[in-house]
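Participant: attaching a predicted model along with its sequence, questions to come.
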Amino acid sequence: DNDQPHRVIKIIQGKRGKGGGFVRATLKSITTGSVFEKTYSTDEIIELAEIEKETAQYSWNDDKNYIFLNSETFEEMQVPKAAIENEVAEMLVSGQEVKLNVWNKQVLGVTLPNVSEYEVLYIDPSQGAGNETAAIIQNGVKILVPEIISKGMKIHVNTELRKFIGKA
């Protein structure tokens, strides 16, 4: 596992009795998704993975892969569904520009733009509070929008928080 990239989920620093300090890290393998703990002494050196960000446009998906078009080479890239976190996959829409996280010529994940445009497919006035109502946007995700928003409108949404930003 030493030659594979990992994401640090949690770190606990400590000190041994007479010895030096240590760092206990909870790591998640970016390639396999497995989570485990590893303890390092404070004098160990960890190599940072060189993750490149390639601009691509989301096209479509099938049972196994998401298909992206590289924005520079126009090459079609198949990314296994397992490489993309569910929270990210749910916010993908056709034609959306994203960043592919590439390590060793392998796509390990996708970074969405902070704000993206979505079409409102359905308004559910029975859900919501105050002057907000529930809307289903074109990727099937439900968000709260102001009552002035109606079906068919295009809106800007914060992709991480899944919050309405404004009309497109």
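Facilitator: All right, it came through fine.
Participant: tell me, how many residues neighbour E47?
Facilitator: Here the number of neighbours of E47 (other C-beta atoms under 10 Å) works out to 8. Backbone N, C-alpha and C define where each C-beta goes, glycine included.
Participant: tell me the secondary structure at the most centrally placed residue in the chain.
Facilitator: For the chain, the residue nearest the mean C-alpha position is V88 (4.0 Å; C-alpha atoms, centre = their mean). Here V88 is helix, with the state taken from DSSP: H, G, I helix; E, B strand; the rest coil.
Participant: give the contact list for the nearest residue to it once chain neighbours are set aside.
Facilitator: Excluding the flanking residues, the one nearest V88 by C-beta to C-beta, 6 or more residues apart in numbering is V110, at 5.3 Å. By C-beta atoms under 8 Å, 6 or more residues apart in numbering, the contact list for V110 reads Y66, F68, V79, A83, I84, V88, L92, V98, K99, L100, N101.
Participant: what of D43?
Facilitator: With C-beta under 8 Å, 6+ apart as the criterion, the residues that contact D43 are G20.
Participant: ok, the residue lying farthest from the centre of the chain to S41 distance?
Facilitator: Residue farthest from the centre of the chain, counting by C-alpha atoms, centre = their mean, is K18 at 42.8 Å. K18 sits 14 Å away from S41, taking C-beta to C-beta, to the nearest Å as the criterion.
Participant: does Q106 really touch T31, like I thought?
Facilitator: Yes. In this structure Q106 lies within contact range of T31 using C-beta atoms under 8 Å: 7.4 Å.
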